[in-house]
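Engineer: Could you work out the structure for the sequence below:
(chains A, B, C and D)
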Protein chains: 2
Amino acid sequence: MTDRYNYMASVMKALAHPTRLFIVEKLNEQTCNVSELTRMVKADISTVSKHLTILKQAGIIAAEKLNNQMIYRLLCPCVLDMYQCVIKIKDTEEKND
Amino acid sequence: MTDRYNYMASVMKALAHPTRLFIVEKLNEQTCNVSELTRMVKADISTVSKHLTILKQAGIIAAEKLNNQMIYRLLCPCVLDMYQCVIKIKDTEEKND
DNA sequence: GACCTATTTGGCATGATGACCAAATAACCA
DNA sequence: TGGTTATTTGGTCATCATGCCAAATAGGTC
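Structural biologist: The predicted structure is shown next:
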């Protein structure tokens, strides 16, 4: 019972960061290595690497080694549906302002 | 651009707590007042009240005063779809173990 | 082996969260 | 008004999250 909510919260927490949401959306378009993502999000590469670790541990993305690079890809595109719901929440809010 | 991800992250963060996930699921079944939810989640009522404030500020739930009680209700049932996606992630993980 | 590129890990400072208790506020009733 | 119930707010403290730098690791090339 509680385990189920703990697990779900851990996945949501992994998504609850602007940089990580950006990464997920990007990986839905194409696989990327760490350097590419670092260039896009404009943060230290070690920071980006840690964000990727968090997403990987949550089971949202996966990594595969290609020579000396790590290629990351999105495992569960369904998380993008969450984005749609959040937009819906935003719309509802604005109507109530 | 960044604003969009900041906003989305703030909503996800509101959901990223086991107690708050429980509350959302409960409010999908029925409206509740604070005391009822407190009994169910077995935490201090002030803690539950703060969780409700966080969900309300995120636009996920709404409150309405009835006499000396606050009745909370779910605004966006679509967040429940997120639960389904998280379950899907869990299934995918278990297959890879 | 030395060197270069790509990535991860450790450490640390700083800020955000979350839980409880106590006190404040609000509405109702006697 | 005084008392009761329902809820929120403020304070404190421990814990967790985030960002950067520096150092370590891994693979490729010369």
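Engineer: Quick check: longest helix in chain A by residues?
Structural biologist: helix A:79-95 (DSSP state H).
Engineer: Wondering if that one reaches chain B at all.
Structural biologist: Yes. If you take Cβ under 8 Å from any Cβ of the partner chain as the test, helix A:79-95 does meet chain B, through A:79, A:81-86, A:88-90, A:92-93. Using the backbone N, CA and C atoms, a C-beta is placed for each residue, glycine as well.
Engineer: Next, the buried residues of that helix.
Structural biologist: Burial within helix A:79-95, assessed by neighbour count using 16 or more other Cβ atoms under 10 Å in any protein chain shown, is assigned to A:79, A:82-83, A:85-86, A:88-90, A:93.
Engineer: Now flag whichever of the residues you listed is closest to residue B:9.
Structural biologist: Among these, residue A:86 lies closest to residue B:9 (Cβ to Cβ), at 9.3 Å.
Engineer: check contacts around the closest one.
Structural biologist: Contacts here follow Cβ atoms under 8 Å, 6 or more residues apart in numbering or on different chains; on that basis residue A:86 touches B:7-8, B:11-12.
Engineer: any idea how far the helix or strand bottoming out on mean pLDDT in chain A is from the chain center?
Structural biologist: Sorted by mean pLDDT, DSSP states H and E, the helices and strands of chain A end with helix A:79-95, the least confident at a mean of 85. How far helix A:79-95 lies from its chain's middle: 17 Å, per Cα atoms, centre = their mean, to the nearest Å.
Engineer: what inclination does it have with respect to helix B:79-95?
Structural biologist: 160 degrees (axes from the mean of the first three to the mean of the last three Cα atoms, to 10 degrees).
Engineer: Would you mind writing the CA trace of helix A:79-95 as CSV?
Structural biologist: Extracted C-alpha coordinates of helix A:79-95, given in CSV (Å, rounded to 0.1, in the frame of the first residue of the first chain):
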residue,chain,number,x,y,z
VAL,A,79,5.6,10.3,-19.7
LEU,A,80,5.0,12.8,-22.4
ASP,A,81,1.3,12.3,-21.8
MET,A,82,1.9,13.8,-18.3
TYR,A,83,3.1,17.0,-20.0
GLN,A,84,-0.3,17.2,-21.7
CYS,A,85,-2.1,16.9,-18.4
VAL,A,86,0.1,19.6,-16.9
ILE,A,87,-0.9,21.9,-19.7
LYS,A,88,-4.5,21.2,-19.0
ILE,A,89,-4.0,22.2,-15.4
LYS,A,90,-2.4,25.4,-16.5
ASP,A,91,-5.3,26.2,-18.8
THR,A,92,-7.8,25.5,-16.0
GLU,A,93,-5.9,27.8,-13.7
GLU,A,94,-5.8,30.6,-16.1
LYS,A,95,-9.6,30.4,-16.6
